[in-house]
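Undergrad: Pasted the sequence and its predicted model underneath.
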Amino acid sequence: MAAITMKNIVKQYGDGYLAVNDVSLDVADGEFVILVGPSGCGKSTLLNMIVGLEDITSGEMLIDGNRVNEKRPRDRKLAMVFQNYALYPHLNVFENIAFPLRLKKMPEDEVKARVHEAAETLELTEHLDRKPANLSGGQRQRVAMGRAIVRQADAFLFDEPLSNLDAKLRGQMRTEIARMQRRLGTTTVYVTHDQTEAMTLGDRIAVLRKGLLQQVGSPHQLYEQPVNLFVAGFIGSPPMNFLPGRLGDGQLETPFGTHSVKSERMQRVGKRDLVIFGIRPQDFEDASLLSEEKRQLGQTFKPTVDVTEWLGNELYAYVPYEAPAEITQQLRELERELDSESLRTQLIVALDPASTIRSGSKAELWFDTERMHVFDPATGENLTRNRDQTSGDDQAAGVSVAGPPDETVSG
Amino acid sequence: MESRRGARWWTLWGALILIWAMFPLLWMISLSFKDPNTFRSGAPTFFPKQWVWTNYDTVFSDSLFTSALRNSIGISLLATALAVVVAMFAAYAIARLDFPGKKFLLSMALGIAMFPQAALVGPLFNMWRNLGIYDTWLGLIIPYLTFALPLSIWTMSAFFRQIPWEMEKAAQVDGATAWQAFRKVIVPLAAPGVFTTAILTFFFCWNEFLLAISLTSTDRARTVPAALSFFTGASQFQSPVTAIMAASVVVTIPVVIIVLVFQRRIVAGLTAGAVKG
């Protein structure tokens, strides 16, 4: 068991490329922290620096208060699960799991006891004599985890462990990893580019962008109070809608019309000629399905729906709109960074499946201005973010969240 | 029907090629069992009229051949072992590390492999005599290494490159030193490559003739291919052909055995199942 502390960690490659730029992050003992971000954001590099496979250019890495910058991987007592499992193909499952113990020259009895215990936890007992080549993807993944467990390491590090599995298995293994971590209570750092994995697994999530830490917080904090456009766009599926608009005195203008707002949040932002409004698809409703009371609480508008997708539990509606060129350009760039690329500026709306809205029809949609975020188009900063709000903090994990609950590094 | 006929054609072609390749070998074996005094007389037949072991007795009682056999085995094994060890480290460095001049090194290695041996024989002869290693095992092992290494490095670095980086990283995180990771993970995985290289090198040293005959003068270091040319029959008046054939059969046997034993090792890829795919 150990806490991992990163102090102003920098990784600069020989060609001057800054892969990780001044990242400070505390991982408390027993905590499950996710490093998330689009490809090339430096999350894997950061993980490799924790485990010692990459040198740290500057900054300090502490494990349990001891500086480990100069320690070799084998002296750090960490266990790692690799994206492609990295099982030893010439050894059977038993020897694969026993490999770290054999290196320690552990007596045969203890090796057997430990491997069998790990195999039982992971339901691998009947596969112990098989070679990795004869195992399924999920089984290989479990062997890789067994190799990590058996060491009784101070911390587990996962490098995109589920990205090679198919969707169904990924869901199962995700739960499996969460269960294992809760039971063993081992400090865990988990790298992924998948925001679903990040949201479901982590006690806290650290969002990285181009080597810079954007926001660290519980899944709730990141979802409800994103610090900037990037985090807002990255967390949540389908992604948050970004609409260009104007914030006037008691009213806001969007491509869908002018709405009056009496919100204190909006007033704090003040009058602005150009802002980006962020609304999650789930914060829209089909106005025709709402009670009169609820209707009064929000705003309605009447767009023409281009396409609808009915998924059974939800209905997605797509509403295209025209945006000023400068905003469109900025949103395009953001999307490219988030590894997605849509061809047109459009609103994605998630509605109740009972809604009768169909492709090509005129609809009346309702949204709550209280759920809206306002972003500064120049800096991307969230102007409506409530820094004091902690009500959304996720404590369900039963693990105390160490360090500042919501630290940010401005990019 | 079409595919059946196609398959038959392939069999036919295969058989033709096999006969073409096997004919000299069979003839060699057949000759080695013929009576040295009478094999030229009368009507020649492909198979001997009478199978005799005399040629083998002659060969093995001749110190020229037995010492050459000893030299061949010793020199080939030593050169192979050295080449494999050196090539393994060199290939590992080439596959894993990025150092300045890597491309140059690799192309130079290839250049050496292309170099005509005959051009080197003269200078080597003089140099070896001055250095005092003419007609010694060392004098043959050094040039053999030079010619075997480039190919060995190329084949082995190809094998090393196939082994995913993660294997080694995983081993290091699991608590292995760089040397342990190399010995316990990389070498077993590269075993097919090591075997292939070893066998190729061994064959090269075993069959080599030009250097063997130029850089040796006595039984001290002369290998079998060179010794064969010095063969005479049991007496001066006997043709040595059948005895030479018997000696050739003896030196061909190890090659055939090695190929048969290790062919599965060479072909089988050990890396299957290491990573997804």
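TA: Nice, thanks for sending it over.
Undergrad: Now residue A:378. Its backbone dihedrals?
TA: The phi/psi pair for residue A:378 (degrees, to the nearest 10) reads phi -80, psi -50.
Undergrad: Show me which helix runs longest in chain B.
TA: Across chain B, the helix with the greatest residue count (assigned by DSSP state H) is helix B:63-96.
Undergrad: For that one, what does the pLDDT average out to?
TA: Averaged over helix B:63-96, pLDDT sits at 91.
Undergrad: name the helices or strands packed onto it?
TA: helix B:102-114, helix B:137-162, helix B:187-207, helix B:224-228, helix B:241-267 (3 or more C-beta pairs under 8 Å, 6 or more residues apart in numbering or on different chains; DSSP states H and E). (Glycine included, C-beta is placed from N, CA and C.)
Undergrad: Now with 10 Å, please.
TA: Judged by 3 or more C-beta pairs under 10 Å, 6 or more residues apart in numbering or on different chains; DSSP states H and E, helix B:63-96 is in contact with helix B:54-61, helix B:102-114, helix B:137-162, helix B:165-173, helix B:187-207, helix B:210-214, helix B:224-228, helix B:241-267.
Undergrad: could these be laid out in JSON lines, adding distance to residue A:98?
TA: Below are these laid out as JSON lines (distance: least, C-beta to C-beta, whole Å):
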{"stretch": "helix B:54-61", "distance to residue A:98": "51"}
{"stretch": "helix B:102-114", "distance to residue A:98": "37"}
{"stretch": "helix B:137-162", "distance to residue A:98": "25"}
{"stretch": "helix B:165-173", "distance to residue A:98": "13"}
{"stretch": "helix B:187-207", "distance to residue A:98": "15"}
{"stretch": "helix B:210-214", "distance to residue A:98": "49"}
{"stretch": "helix B:224-228", "distance to residue A:98": "48"}
{"stretch": "helix B:241-267", "distance to residue A:98": "26"}
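Undergrad: could I get the ones you listed as CSV with mean neighbour count?
TA: Below are those laid out as CSV (neighbours: other C-beta atoms under 10 Å in any protein chain shown):
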stretch, mean neighbour count
helix B:54-61, 18
helix B:102-114, 12
helix B:137-162, 20
helix B:165-173, 22
helix B:187-207, 20
helix B:210-214, 20
helix B:224-228, 22
helix B:241-267, 16
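Undergrad: Flag every residue of the stretch 51-200 of chain B that's near chain A.
TA: By C-beta under 10 Å from any C-beta of the partner chain, the residues of the stretch 51-200 of chain B that approach chain A are B:98, B:163-178, B:180-181, B:184-185, B:187-189, B:191.
Undergrad: again, only this time at 8 Å
TA: B:164, B:166-167, B:169-177, B:180, B:184-185, B:188-189, B:191 (C-beta under 8 Å from any C-beta of the partner chain).
Undergrad: what ranges of the chain fall below the confidence cut-off?
TA: Reading this off chain A. Within chain A, the set of residues satisfying pLDDT under 70 comprises A:1, A:340-343, A:387-411.
Undergrad: meant chain B actually
TA: Within chain B, the stretches with pLDDT under 70 are B:1-3, B:232-237, B:264-277.
Undergrad: Recalculate using a threshold of 80.
TA: The model of chain B has pLDDT under 80 over residues B:1-6, B:37-45, B:113, B:192, B:231-239, B:259, B:262-277.
Undergrad: Centroid-nearest residue for it?
TA: In chain B, the centroid-proximal residue (C-alpha atoms, centre = their mean) is residue B:203; its distance is 0.6 Å.
Undergrad: and the gap between that one and residue A:27?
TA: Plainly put, residue B:203 is 57 Å away from residue A:27 if you go by C-beta to C-beta, to the nearest Å.
Undergrad: next one: residue A:362
TA: In this view, residue A:362 and residue A:27 are 51 Å apart by C-beta to C-beta.
Undergrad: quick one: the residue nearest to residue B:77 when sequence neighbours are not counted and chain A, what's the gap?
TA: Computed as C-beta to C-beta, 6 or more residues apart in numbering or on different chains, the closest residue to residue B:77 that is not its neighbour in sequence is residue B:202, at 7.5 Å. Residue B:202 sits 24 Å away from chain A, going by C-beta to the nearest C-beta, to the nearest Å.
Undergrad: what residues are up against residue B:202?
TA: B:76, B:77, B:80, B:258 (C-beta atoms under 8 Å, 6 or more residues apart in numbering or on different chains).
Undergrad: Can you tell me which of those is closest to residue A:375?
TA: residue B:80 (69.3 Å; C-beta to C-beta).
Undergrad: Determine the number of other residues adjacent to the closest one.
TA: Residue B:80 is flanked by 25 other residues according to other C-beta atoms under 10 Å in any protein chain shown.
Undergrad: how long is stretch A:261-277 from one end to the other?
TA: The first residue of stretch A:261-277 is 13 Å away from its last residue (C-alpha to C-alpha, to the nearest Å).
Undergrad: Which secondary structure state is assigned to the closest residue to chain B within chain A?
TA: Going by C-beta to the nearest C-beta, chain B is nearest to residue A:133 of chain A, at 2.4 Å. Recorded secondary structure, residue A:133: helix (DSSP: H, G, I helix; E, B strand; the rest coil).
Undergrad: Now residue A:334: phi and psi?
TA: According to degrees, to the nearest 10, residue A:334 has phi -60, psi -40.
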